[in-house]
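Chemist: Prediction below, plus the sequence it came from.
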Amino acid sequence: MSDSSSANQSGPFEEQRRIFDLLSQETRHLIVQYVLGHPEHLPSLDELDYMIPKSKAAIGDQLDNLVEAGILDVYHHEPSDNKRDLPSKFYGLTEHGVEVLHEYNYLRGVPVARALYKNTRKSEKIERHENAPRPQLPKAVSEALSGDESDSSPLKTYIRSKKHDGDNISELVEMAEALYEVANQAEGEQTEIDFTTSQNQYRLIKKSKDRDEKKTTEP
């Protein structure tokens, strides 16, 4: 019994527990929040030190932990190496980090995190760091974190970063948005989804006290 239990410690539940512990620790949680809220999603250590009420050494240690876990990476801008007033090292998400934060619903908080970051009063030094030249994030990461929702939500950009077949993207988005609507349905309203996967069809049925509505979509 004990041998079997020990063998299972490396299973999916143990991995979920490890990620939860990684993201829930206060300093690491704040680091992730301010990476998501940063205008370029690439803050310097000094910017994080300004925003987080912890010592720079403590923040640096937790940054190292997030980098070691593959959630963050160090992005280096070599032209700023010899410029005393400009940072050359920045911290941003990896593709693995985006996948983890997507799974744990962190990406839904990007608009709020950006608004909080934008409305925080900053010193002259921090504004200089914020406007400093930076390297580019990997395309999949920048698309998943895009704040432009005029034609795309974080859900859509994430799906598009993982898929390249336009028809499949449309189906995934439609199905995901239908499921999202179910999860956020109004009180007193029942919603059902009928998927006919063999024909790539789904039907969203909304039932309320006053009326029944049906919507059928065929890609």
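Modeler: Yep, that arrived. Numbering: from 1, shown residues only.

Chemist: Residue 134 touches residue 41, doesn't it?
Modeler: No. Using CB atoms under 8 Å, residue 134 makes no contact with residue 41, being 9.6 Å away. Using the backbone N, CA and C atoms, a C-beta is placed for each residue, glycine as well.

Chemist: between the two, who's got more neighbours?
Modeler: residue 41 (25 against 22; other CB atoms under 10 Å).

Chemist: residues in contact with the more buried one?
Modeler: Contact analysis of residue 41 by CB atoms under 8 Å, 6 or more residues apart in numbering lists 35, 92, 93, 137, 141, 142, 145.

Chemist: what's near enough to touch the third one?
Modeler: Contact criterion CB under 8 Å, 6+ apart gives 35, 41, 71, 72, 73, 101, 137, 141, 145 as the residues in contact with residue 93.

Chemist: Save those as JSON lines, and put in pLDDT, distance to residue 63 and secondary structure too.
Modeler: Converted to JSON lines, the contacts of residue 93 look like this (pLDDT from 0 to 100; distance: CB to CB, whole Å; DSSP: H, G, I helix; E, B strand; the rest coil):
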{"residue": "35", "pLDDT": "97", "distance to residue 63": "10", "secondary structure": "helix"}
{"residue": "41", "pLDDT": "97", "distance to residue 63": "15", "secondary structure": "coil"}
{"residue": "71", "pLDDT": "97", "distance to residue 63": "10", "secondary structure": "coil"}
{"residue": "72", "pLDDT": "98", "distance to residue 63": "7", "secondary structure": "strand"}
{"residue": "73", "pLDDT": "97", "distance to residue 63": "10", "secondary structure": "strand"}
{"residue": "101", "pLDDT": "94", "distance to residue 63": "16", "secondary structure": "helix"}
{"residue": "137", "pLDDT": "96", "distance to residue 63": "16", "secondary structure": "coil"}
{"residue": "141", "pLDDT": "95", "distance to residue 63": "17", "secondary structure": "helix"}
{"residue": "145", "pLDDT": "90", "distance to residue 63": "18", "secondary structure": "coil"}
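
Chemist: about what we covered before: show me which of the contacts of residue 41 is closest to residue 81.
Modeler: Nearest to residue 81 among the contacts of residue 41, counting by CB to CB, is residue 92 at 18.1 Å.

Chemist: circling back to that earlier point, any idea which of the contacts of residue 41 is closest to residue 62?
Modeler: Of all these, residue 62 sits closest to residue 35, with 11.8 Å by CB to CB.

Chemist: That closest one touches residue 43, doesn't it?
Modeler: Yes. With contacts counted by CB under 8 Å, residue 35 reaches residue 43, the gap being 6.2 Å.

Chemist: Find residues that contact each of the two.
Modeler: Shared contacts of residue 35 and residue 43 (CB under 8 Å, 6+ apart): residue 91.

Chemist: Please check the contacts of residue 41 and keep the buried ones.
Modeler: Neighbour counting by 16 or more other CB atoms under 10 Å classes 35, 92, 93, 137, 141, 142, 145 among these as buried.

Chemist: Checking the closest residue to residue 27 other than its chain neighbours next. Helix, strand or coil?
Modeler: In this structure, residue 27 finds its nearest non-sequential neighbour in residue 62, 4.4 Å apart by CB to CB, 6 or more residues apart in numbering. Under DSSP: H, G, I helix; E, B strand; the rest coil, the three-state class of residue 62 is helix.
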